[in-house]
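Enquirer: coords below, sequence missing:
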């Protein structure tokens, strides 16, 4: 693999990791906003909403971490 191709692979991995991170941030932000809205509408359901929010945020973080690892693994192929 030439130097240009290797440089482009690193650039693509960096951009991919950035896109994954931005997507995860947007997803977790939407979850948090919806949870706050739901808790404001029904305060007695706050505990259940919080637990569901934390589980969903953990799943999004897992997918984001997986995506970032795949980006860096693809960049390390020689």
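Expert: Structure's in. What do you need? If you're wondering where the values come from, they're calculated on a predicted model, not measured in any experiment. Residues are numbered from 1 along each chain as shown.
Enquirer: contacts, neighbours, all on C-alpha from now
Expert: OK.
Enquirer: residue ranges of the helices in the chain, please?
Expert: Remark: helices assigned in the chain by DSSP state H are 3-41, 46-75.
Enquirer: how far away is the residue most central in space within the chain from residue 17?
Expert: Per CA atoms, centre = their mean, the C-alpha nearest to the average position across the chain is that of residue 24, at 2.6 Å. Here the criterion is CA to CA, to the nearest Å. By it, residue 24 lies 11 Å from residue 17.
Enquirer: give me the low-pLDDT residue ranges for the chain?
Expert: Scanning the chain for pLDDT under 70 picks out 1, 78.
Enquirer: can you do 80?
Expert: Within the chain, the stretches with pLDDT under 80 are 1-2, 72, 74-78.
Enquirer: coming back round to it: in contact with the residue nearest to the centre of the chain, which residues are there?
Expert: By CA atoms under 8 Å, 6 or more residues apart in numbering, the contact list for residue 24 reads 60, 61, 64.
Enquirer: so what's residue 35 up against?
Expert: Residues in contact with residue 35 (CA under 8 Å, 6+ apart) are 49, 50, 53.
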